[in-house]
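Asks: Fold the following for me, if possible:
(4 chains)
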There are 2 protein chains.
Amino acid sequence: MGRGKIAIERIDNTTNRQVTFSKRRGGLMKKARELAILCDADLALIVFSSTGRLYDFASSRSVS
Amino acid sequence: MGRGKIAIERIDNTTNRQVTFSKRRGGLMKKARELAILCDADLALIVFSSTGRLYDFASSRSVS
DNA sequence: GACTCTATTTATAATTC
DNA sequence: TGAATTATAAATAGAGT
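Replies: Model prediction:
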C-alpha cells in the first residue's frame, strides 16, 4: 500500500519498524473512530508499543 | 474510498449502516492484526455492534 | 524520531448479480 | 438479504528533510 509491497511479518529493521508503528497506529485509531461514528458502534482499542508505551481509543459510549 | 465520498457521521439508512459495519469491522480487524505482526506490538480491539453483538481481536501476547 | 511527499497498494462505496 | 465486482477514495512504503 505504498511505493512497494510488504509481507505481513515482523519488520526486523528497528527504525523502519518504529516508523511503521507510528503511521499504522494513527491509521488504525482513525478507522476505529470512523467505525464508531458511521455505524453507531461501541468500541475500544488498546495498543502497546514494543517499548511498553500505551495508546488507546474508546468510543464515547464505552465505559472508561 | 469507494465509488463516492462519504462524510464521517452516523449512517441513517439501517441497511447501509449494517453493510458498512460488517465491511469496516473486517478491515479494522485485519489492520489490527497486521500492526501486531509487523511491529511486534501488543494490542486488543473490542467492538460491539449497535445490536449488542461482540467482536474482538487480541494479539497473542495480550492477556486474555 | 517526527515531519513531508507521492507513487502505489489497499480499503471500500456504490453497484450488480 | 448476501456475495462478488469495480471505480474510486484513502492509507501507506519508501525516500527525502
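
Asks: which strands and helices sit next to whichever strand in chain A runs longest?
Replies: In chain A, assigned by DSSP state E, the strand with the most residues is strand A:42-48. For strand A:42-48, the elements it packs on are helix A:14-39, strand A:54-58, strand B:42-48, judged by 3 or more C-beta pairs under 8 Å, 6 or more residues apart in numbering or on different chains; DSSP states H and E. No exception for glycine: its C-beta is placed from N, CA and C like everyone else's.

Asks: which ones are touching the residue nearest the centre of chain A?
Replies: By C-alpha atoms, centre = their mean, chain A has its centre lying nearest to A:Arg25, at 2.9 Å. If you count contacts by C-beta atoms under 8 Å, 6 or more residues apart in numbering or on different chains, A:Arg25 has them with A:47, A:49, A:55, B:35, B:41.

Asks: where's the dip in pLDDT among the residues you listed?
Replies: Lowest-confidence member of the contacts of A:Arg25: A:Ser49, scoring 88 (pLDDT).

Asks: Neighbours of A:Ala36, how many?
Replies: Other residues near A:Ala36 come to 24 when the count uses other C-beta atoms under 10 Å in any protein chain shown.

Asks: Revised request: answer the last question for A:Phe48.
Replies: So A:Phe48, with other C-beta under 10 Å, has 18 neighbours.

Asks: Confirm for me that it is in contact with B:Asp40.
Replies: No: with contact defined as C-beta atoms under 8 Å, A:Phe48 does not count as touching B:Asp40 (10.3 Å).

Asks: what's the straight distance from one end of stretch A:7-15 to the other?
Replies: 17 Å (C-alpha to C-alpha, to the nearest Å).

Asks: And stretch A:3-17, by the same measure?
Replies: Stretch A:3-17: ends 16 Å apart by C-alpha to C-alpha.

Asks: which parts of it are buried?
Replies: By neighbour count on 16 or more other C-beta atoms under 10 Å in any protein chain shown, the buried set for stretch A:3-17 is A:11, A:17.
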